[in-house]
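Chemist: Sharing a model prediction with you, sequence too.
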Amino acid sequence: MRSRISDDITFRKLEVLLAYMEGGNLNAAARLLDISAVSVHRALHSLEDAMSCQLFSLQGRNLIPNEAAQVLADVSRDVIRLMADGIAATRSAAGYSADHLKIGSLYSLTSGVIPKVLIGIKLRKPELETELVLGSNDELLHKLRQNAVDAALMALPETDPDVESIALFEDEVFFAAPAGSPYAGLDEVDLRECAAEKFVCLRDGFVTFTGFQEAFRIAGFAPTIVTRVGDIFSLMNLVGAGIGYTLLPGRVRHAFGDKVQLIPLKPDYRMRQTIGLSFLRVRERDPNLLALAAVCRMLKHEAA
């Protein structure tokens, strides 16, 4: 049976040994590790006791490493490198990655919020590679819970003990019509007067479609839906082409210039979406997610 390693031999002490071997003295090792020289000396002395053999000889005030210290340093270098690789592989298998961040997003955020977030995270962590995963609110929440994305910018989910969320902004939902339509010049639209119109909409799972359904429930009729699509920009294309009307959030107002006009709904139907960053609570101390959260809080502050 292999002998047990003493609890007093730690990775931290091995790192102190390597720093001392590289720096050549207590002060240099302390600077490399951003600790005090006293802490370096204490760690080396404790490591020597745990090894039950002499690692250094004292010449004046200097600790001179012997051959045993060199052997331990060589092994320590390999062990720490192997352990670091093992930690990275373990985190990767669990959906975590130190140099890669998967951010989920609604399609509607790609023309405004997402570019600002990506620029902000690149400024904070230049070495970090980011990947954007687009989808509906339901798809993004599912991917988040499955660790298929690290975080998601979407409409905030209902209270969930497993999910941490940071609200960024609220967005109002509008009636969307092509330029020059009979509704284009109105101050507000009463959906009850649109019962004879044709509509286009997003498919199930999108927060905007949920609002669409709720608005027409309040209006008291089921709209005539001629086409359903899987992203908001295709939806806007259909509206601009006169295929049908729909409801859209204000954040896409400028995406198609003046081809699609957003008109306020009457107060009876008005609703707002709360958009924010969501991630799993168990990962709230992940350095990459802390950086992402800081970027989002900064954007919220700038928009206030």
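Modeler: The structure has been received and is ready for your questions.
Chemist: where along the stretch 51-200 of the chain do the helices fall?
Modeler: 67-93, 113-124, 137-145 (DSSP state H, counting those that start in this stretch).
Chemist: same deal with the stretch 201-304 of the chain?
Modeler: 207-219, 232-240, 287-303.
Chemist: ok now the last one, how far from the chain's centre?
Modeler: Going back to what we said before, that points to helix 287-303. 9 Å (Cα atoms, centre = their mean, to the nearest Å).
Chemist: Residue 69 versus the spatially closest residue to residue 25 that is not a sequence neighbour, what's the distance?
Modeler: Nearest in space to residue 25, with sequence neighbours left out and distances taken as Cβ to Cβ, 6 or more residues apart in numbering, is residue 62 at 6.6 Å. (C-beta placed from N, C-alpha, C; glycine too.) Distance, residue 62 to residue 69, using Cβ to Cβ, to the nearest Å: 13 Å.
Chemist: quick one: residue 258 and residue 179 touch, right?
Modeler: Yes. Residue 258 lies in contact with residue 179 (Cβ atoms under 8 Å); the separation is 5.5 Å.
Chemist: So in this structure, where's the weakest helix or strand by average pLDDT?
Modeler: helix 67-93 (a mean of 86; mean pLDDT, DSSP states H and E).
Chemist: Return the list of helices and strands in contact with that one.
Modeler: Where contact means 3 or more Cβ pairs under 8 Å, 6 or more residues apart in numbering; DSSP states H and E, helix 67-93 is packed against helix 11-23.
Chemist: Which elements pack onto the helix it packs on?
Modeler: By 3+ Cβ pairs under 8 Å, 6+ apart, helix 11-23 packs against helix 26-33, helix 37-51, strand 62-65, helix 67-93.
Chemist: quick one: average pLDDT of it?
Modeler: Across helix 11-23, the average pLDDT comes to 92.
Chemist: Could you tell me the angle between that helix and helix 37-51?
Modeler: Here helix 11-23 runs at an angle of 110 degrees relative to helix 37-51 (axes from the mean of the first three to the mean of the last three Cα atoms, to 10 degrees).
Chemist: Could you export helix 11-23 as CSV, CA atoms only?
Modeler: Once non-C-alpha atoms are left out, helix 11-23 reads as follows in CSV (Å, rounded to 0.1, in the frame of the first residue of the first chain):
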residue,chain,number,x,y,z
PHE,A,11,0.3,22.7,-3.1
ARG,A,12,0.8,26.2,-1.7
LYS,A,13,4.0,25.2,0.1
LEU,A,14,5.3,23.6,-3.1
GLU,A,15,4.5,26.8,-4.9
VAL,A,16,6.5,28.7,-2.3
LEU,A,17,9.4,26.3,-2.8
LEU,A,18,9.4,26.9,-6.5
ALA,A,19,9.2,30.7,-6.0
TYR,A,20,12.2,30.5,-3.7
MET,A,21,14.2,28.4,-6.1
GLU,A,22,13.4,30.8,-8.9
GLY,A,23,14.0,34.0,-6.8
